[in-house]
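Q: model this:
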Amino acid sequence: MGKKWATYTDIFEHAFDEKGRITVPSEWRQEGYDSRLFVFPSKFNHLKVYPESWMEEIRQKIETVKLQDPIRMQLELLAQLSQTVCWDQQGRISIKERLRKHAQVGKEAVLVGRLDHFEIWDQKKWKETALKVTSFEEAIESMGL
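A: All right, here's what the predicted structure looks like:
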């Protein structure tokens, strides 16, 4: 039996405070969800946030790849771009300014569930670029299922 993963679903609108903290929705902080998260910049100007259990699987796969393998070297470079965060007692995570700037995230943000991870978008940018799916059937059909 494979590892059980927490599933991130739904969309939440939250705001960063003056210290660069944003609240992780309580639904994503329940039992079964990792409190230690990894924040990565995305090339599409938002942030990708993965749970520690996902990162552990990636780390185990990296261990099987030779040190000089270009894929391993790329994954190692990715580590320097990421940030490890844990939510505080109020459920907030603190995102470094360099990552918020990269993602062009202002004070108002949208947290978007993506099944095995979630994304943090600037609220205005999210409304401009979000893919519009209106129903379960539409999403399933677009995947060819």
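
Q: please enumerate the strands of the chain.
A: Applying DSSP state E to the chain gives strands spanning 11-15, 21-23, 36-41, 47-51, 83-86, 92-94, 108-113, 118-122.

Q: where does this structure dip in pLDDT?
A: In the predicted model, the chain carries pLDDT under 70 at residues 1-4, 131, 133.

Q: need the contact list for the most centrally placed residue in the chain.
A: By C-alpha atoms, centre = their mean, the chain has its centre lying nearest to Val49, at 1.9 Å. Under the criterion of C-beta atoms under 8 Å, 6 or more residues apart in numbering, the neighbours of Val49 are Leu37, Phe38, Val39, Phe40, His117, Phe118, Glu119, Ile120. C-beta coordinates here come from the backbone N, C-alpha and C atoms, glycine included.

Q: tally of neighbours for the first one?
A: Counted by other C-beta atoms under 10 Å, the residues lying close to Leu37 total 23.

Q: so it versus Phe44, what's the distance?
A: For Leu37, the distance to Phe44 equals 19 Å [C-beta to C-beta, to the nearest Å].

Q: then the second one?
A: Here the distance between Phe38 and Phe44 works out to 18 Å (C-beta to C-beta).

Q: so for the two, which sits in the more crowded spot?
A: Taking neighbours as other C-beta under 10 Å, Phe38 and Phe44 compare with Phe38 leading, 20 against 11.

Q: gap between the residue nearest to the centre of the chain and Lys125?
A: 16 Å.

Q: can you check Gly32 too?
A: 30 Å.

Q: neighbour-wise, which of these two wins?
A: Neighbours were counted for Gly32 and for Lys125 using other C-beta under 10 Å; Lys125 has more, 18 against 10.
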